[in-house]
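Asks: Below are the sequence and a predicted model for it; my questions follow.
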Amino acid sequence: MPNTPAGQNPLEGPEWRAAMAMGIDMSLVELNLQKTPWERMLAHDEALEFAQELRKAGARLYEQA
């Protein structure tokens, strides 16, 4: 982060505080930053698979109508 001094926690930096001040819920960002890149990739893959299944179910539903 460009305005965060070296050694300072980025979650305490000015950009983070500005986002929170604008009403942005940073809790999901905080949770994802606790995960490894591999864990984030797996979560994305699961969400993508779920979205694809929903799309298929919707298509089947409209085919029956």
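Replies: That came through, no problem. Numbers count the residues shown, from 1 in each chain.
Asks: Which stretches in the protein count as strands?
Replies: In the chain, no strands are found when defined by DSSP state E.
Asks: buried ones in the lengthiest helix in it?
Replies: The residue-count maximum for a helix in the chain (DSSP state H) belongs to helix 37-64. Buried residues in helix 37-64, defined by neighbour count with 16 or more other CB atoms under 10 Å: none. All C-beta spots, glycine's among them, are computed from the backbone N, C-alpha and C.
Asks: average pLDDT for that helix?
Replies: The pLDDT scores in helix 37-64 average 95.
Asks: Please name every helix or strand in contact with that helix.
Replies: Applying 3 or more CB pairs under 8 Å, 6 or more residues apart in numbering; DSSP states H and E, we find helix 37-64 packed against no helix or strand.
Asks: redo that, cut-off 10 Å
Replies: helix 27-33 (3 or more CB pairs under 10 Å, 6 or more residues apart in numbering; DSSP states H and E).
Asks: Check the offset of the helix it packs on from the chain's centre.
Replies: Distance of helix 27-33 from the chain centroid (CA atoms, centre = their mean, to the nearest Å) equals 7 Å.
Asks: for stretch 52-65, same thing?
Replies: Distance, centroid of stretch 52-65 to centroid of chain: 26 Å (CA atoms, centre = their mean).
Asks: Can you name the residues in contact with it?
Replies: Contacting residues not belonging to stretch 52-65 are not present [CB atoms under 10 Å, 6 or more residues apart in numbering].
Asks: from what I can see residue 11 touches residue 29, true?
Replies: Yes. Taking contacts as CB atoms under 10 Å, residue 11 lies within contact range of residue 29: 8.6 Å.
Asks: Looking at the two, which one has more neighbours?
Replies: residue 11 (15 against 12; other CB atoms under 10 Å).
Asks: separation between the more buried one and residue 52?
Replies: Residue 11 is 33 Å from residue 52, where distance means CB to CB, to the nearest Å.
Asks: Please verify my assumption that residue 42 contacts residue 36.
Replies: Yes. Using CB under 10 Å, residue 42 is in contact with residue 36, at 9.4 Å.
Asks: Distance check, residue 19 against residue 40.
Replies: From residue 19 over to residue 40 (counting by CB to CB), the distance is 19 Å.
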